[in-house]
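**Student:** Sequence first, then the predicted structure, then my questions.
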Amino acid sequence: MGNMYLPELTPSNELAIKKLTQYNEEKLDPMPFFNRYAAAFGQSLEDDPRYSEPLYWDFEDYDYLHDTSRLKPIYLNEFDFNIQEDREAIERLTRMEFNGNSFETVASCNPACGYYRGNYRLKQGKACPKCGEVPELFLDRGEDTRLWLKLPEGVNGFVNLGFFSTFFNKVGIGSPKVCVPRYFIDPIYRAQINKQKNTTVNLIRNMLEELQISEVNMNTFQERCDDIMHWMLVGNGKRHCTTSHEGVVLWEVYQKNKHIAFSKYMKVPNRYATILEKTGKDTYAYPHQPITAQLYTAIADTKRSNSVVKLSAADKRRNVDIVGKNLVKLADQYRKVNNPKALFGKPAINRKHVASGAVPFTGRSVVTSVTGILNPDEWMVPWKMCLAILDYHITGFLYRRGHTPYQAIQRISRAAYWIDPLIDEFFRDMEDNNKAIIQSGRNPSIEFLSLRSAFLRVNRDLRDESIRVPILAVSESNTDFDGDNHYIVLMADNESKAKAYGAWGHHQTLDRNIPFTVGDYAGQAATNLMNLNTLMAQTPIVDAA
């Protein structure tokens, strides 16, 4: 009677019990696997210590790049925007149109000239009689920029966009904060501040009075930059500066980098960065490109003297203000486009992992789900895709079994249509010993670092050409099996295997973005996560030695 409620053992029950009990505690411990891969690699797997070093900015020295460029500079300022021919020449210099995925493949001299054009001129090596340049293919020109801005008349220097965004734009005084460099450089910003009635405006007036500055514009800022920065960072204005707690450090940073804070030349983006794509009736460009082009054009289209008319002092001051306000807009534009926050946000380009087509050791297909009793670390890959990805490995295996090269090729080709027992033997050895590790993801992924590692398993159903993903392993990539594609990349060497497995994020317990934190994908209640993370934060890390 005591056993009357026990279920009868059926073949399906026995299969479930066998499946559930095959993963003992030792097999679930990830360290033996990692140690095996690390031993096979035989070298140190420690992180490069340079990865932990602090980062320092490295601004481009525009004047140095201009003076050492292998390409003859063309100055945007020298074109007359009222002349049709000049406007067309500028368009050829700053824009590169292509259809589909094809770049221009016809050799040409200076793009603004185009007099010598044709691939037959590559062998001639003759310079164009009009522009003096030897024809080259577009992709052979390298990444050097050809188009530059030189100082408009009356302007003493350009402000380095990177230095402005990362340094000058952070230095302010008072509350509400006023960015003093921007106050000098941008006349629109300056007018807005002057309309206000608060203590910050009085602070600015005190600074101008103490430093005996009568004219406020970009030229004055360049000429008196040392005095202004000293007053704000370590001088009389330090107590009012928004960065007073690190004023000495910032003053040292300024002293070290001030030689590139201003320049005589400014490079206009390379044509690679301003490509337009034409697909039939539509033409595509990045949203920021037209605005950026307008700002560079506005700086170039300032007034200049000629043989008939000489610029007045007022005209030169107007040039200074035009350049200043557009430089600030350019810096804001670049900061908006290259927003560091986008690194972890959905729009960031680094979310796209591209691996498909003819690239070795890769594949891509629609994903379907694996349900029931499963191991989330094992992904099922179609038989045919495994043949392609592991082609080199299978070929070597067949050579060792006595096949000639022709016999190996013939056997692998035929195996695309039936389960070849010898090749299946190779796959089973690979599966039983976890020899093949893949990384996989979905484009575009939703979560940062959503690339997952898994053991490769072969789907022997030849009718199924999908990548089968366990339902416990799809949260990060937001896979919902409605036609989503996954790519896979085979780890082809021992170092890749060890590092991929070491960064596994086993059982999705640890957060991949925040060190020493349990992630949401651990499947724990919010109270459990809070308690676990509190304990982890309070637990000291003890050196095993």
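**Tutor:** Everything's here; your move.

**Student:** Now for the residue lying closest to residue 199 once chain neighbours are set aside: which residues touch it?
**Tutor:** Nearest residue to residue 199, sequence neighbours excluded (Cβ to Cβ, 6 or more residues apart in numbering): residue 174, at 6.2 Å. C-beta: built from backbone N, CA, C; applies to glycine. Contacts for residue 174 (Cβ atoms under 8 Å, 6 or more residues apart in numbering) come out as 198, 199, 200, 203, 204, 240, 242.

**Student:** Are any of those buried, and if so which?
**Tutor:** Buried residues within the contacts of residue 174, counting neighbours by 16 or more other Cβ atoms under 10 Å: 200, 203, 204, 240, 242.

**Student:** Pull the residues that contact the helix or strand hosting the second one.
**Tutor:** In this case it means residue 203. Under the criterion of DSSP states H and E, residue 203 resides in helix 199-210. Contact with helix 199-210 is made by 173-178, 180, 183, 193-194, 213-214, 216, 228, 231-232, 236-237, 240, as judged by Cβ under 8 Å, 6+ apart.

**Student:** number of nearby residues for residue 458?
**Tutor:** By other Cβ atoms under 10 Å, 22 other residues sit near residue 458.

**Student:** Kindly report the same for the one 4 residues further on.
**Tutor:** With neighbours defined by other Cβ under 10 Å, the count for residue 462 comes to 14.

**Student:** buried sites along whatever helix or strand residue 314 lives in?
**Tutor:** Residue 314 belongs to helix 313-337 when elements are defined using DSSP H and E. Buried residues in helix 313-337, counted by 16+ other Cβ under 10 Å: 315-335.

**Student:** Quick check, residue 329 in contact with residue 295.
**Tutor:** Yes - between residue 329 and residue 295 there is a contact under Cβ atoms under 8 Å: 5.4 Å.

**Student:** In contact with the closest residue to residue 71 other than its chain neighbours, which residues?
**Tutor:** Counting by Cβ to Cβ, 6+ apart, the nearest residue to residue 71 once its immediate chain neighbours are dropped is residue 146, at 4.7 Å. Residue 146 makes contact with 69, 71, 72, 73, 74, 93, 110, 111, according to Cβ under 8 Å, 6+ apart.

**Student:** So for the residues you listed, which is the shakiest by pLDDT?
**Tutor:** Model confidence across the contacts of residue 146 bottoms out at residue 93, which has 67.

**Student:** which residues of the stretch 401-545 of the chain score low on pLDDT?
**Tutor:** For the stretch 401-545 of the chain, the stretches flagged by pLDDT under 70 are 444-449, 503-508, 511-513, 521-523, 538-545.

**Student:** What ranges does it have for its helices?
**Tutor:** Assigned by DSSP state H, counting those that start in this stretch, the stretch 401-545 of the chain shows helices spanning 405-414, 421-432, 494-502, 526-538.

**Student:** Residue 224 is nearest to which of those?
**Tutor:** Nearest of these to residue 224, taken as Cβ to Cβ: helix 526-538 at 48.4 Å.

**Student:** What are the buried residues along the closest one?
**Tutor:** Going by neighbour count (16+ other Cβ under 10 Å), the buried part of helix 526-538 is 529, 533.

**Student:** Surely residue 470 touches residue 372?
**Tutor:** No - using Cβ under 8 Å, residue 470 is not in contact with residue 372, being 9.7 Å away.

**Student:** Okay, domains of the protein per the record?
**Tutor:** Taking automatic domain parsing as the reference, the chain has its domains at 62-152+267-338, 168-260, 350-538.

**Student:** Off-centre distance for the shortest one?
**Tutor:** Here domain 168-260 is found 33 Å from its chain centre; the criterion is Cα atoms, centre = their mean, to the nearest Å.

**Student:** Ramachandran coordinates for residue 363?
**Tutor:** With angles defined as degrees, to the nearest 10, residue 363 sits at phi -160, psi 170.

**Student:** can you tell me how far it sits from residue 463?
**Tutor:** Using Cβ to Cβ, to the nearest Å, we find residue 363 at a distance of 17 Å from residue 463.

**Student:** which of those two has more neighbours?
**Tutor:** residue 363 (23 against 6).

**Student:** any idea how far that one is from residue 489?
**Tutor:** Distance, residue 363 to residue 489, by Cβ to Cβ: 9 Å.

**Student:** Kindly report the same for residue 311.
**Tutor:** Taking Cβ to Cβ, one finds residue 311 at 60 Å from residue 489.

**Student:** out of those two, which sits in the more crowded spot?
**Tutor:** The neighbour comparison of residue 311 against residue 489 (other Cβ under 10 Å) goes to residue 489, with 24 against 18.

**Student:** I figured that one was touching residue 439, is that so?
**Tutor:** Yes - look at residue 489 against residue 439 with Cβ under 8 Å: they come within range, at 4.9 Å.

**Student:** Tell me the buried residues in the helix or strand that contains residue 249?
**Tutor:** Using DSSP H and E, the element containing residue 249 is helix 247-257. Neighbour-count burial for helix 247-257, counted by 16+ other Cβ under 10 Å, picks out 247, 250, 251, 253, 254, 257.

**Student:** could you dump the residues you listed to a markdown table with pLDDT?
**Tutor:** As requested, the buried residues of helix 247-257 are arranged in a markdown table below (pLDDT from 0 to 100):
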| residue | pLDDT |
| --- | --- |
| 247 | 87 |
| 250 | 91 |
| 251 | 93 |
| 253 | 89 |
| 254 | 93 |
| 257 | 89 |
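
**Student:** No further queries at this time; thank you.
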